[in-house]
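> I'd like to go over a predicted model; first the sequence, then the structure.
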Amino acid sequence: MYAPSLLDPAADELRLADVVGRGATEVAREARTLLGERFSSVTFMYVLMRAFEVEYTAARDASRWHEFHGGSRALSDADLEKLLAPWLDH
């Protein structure tokens, strides 16, 4: 796991990026870009929680988005949008 000091700049950039209102899939893709080689399901959860105050369980579920992980438990774009809407639709 990375120290928060290495992840907080990405969370700050994500919060300031013009992605809110463009949907959760854009937020997720931007987070992946900002994190670069530091990207993982855990770091994605962290930046979601820091940037948008997403609850832990929702951030954990969001880390199963199909572009990050495959398998039967992967979230579709529509599932991700619905899951993160309470934090991103303002």
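Nice, I can see it.
> For this structure, list the residue farthest from the centre, please.
residue 72 (19.8 Å; CA atoms, centre = their mean).
> Over to it: give its phi and psi.
Here is the backbone geometry of residue 72 (degrees, to the nearest 10): phi -70, psi -20.
> That one and residue 64, how far apart?
10 Å (CB to CB, to the nearest Å). The way it works is simple: take the backbone N, C-alpha and C, and place the C-beta from them, glycine included.
> Please apply the same query to residue 15.
22 Å.
> which of those two has more neighbours?
residue 64 (17 against 14; other CB atoms under 10 Å).
> which ones are touching that one?
If you count contacts by CB atoms under 8 Å, 6 or more residues apart in numbering, residue 64 has them with 41, 73, 74, 75.
> Model confidence at the third one, what's the number?
If I follow you right, that is residue 74. Looking at residue 74, its pLDDT is 91.
> That one contacts residue 63, correct?
No - the criterion here is CB atoms under 8 Å, and residue 74 misses it with residue 63 at 10.4 Å.
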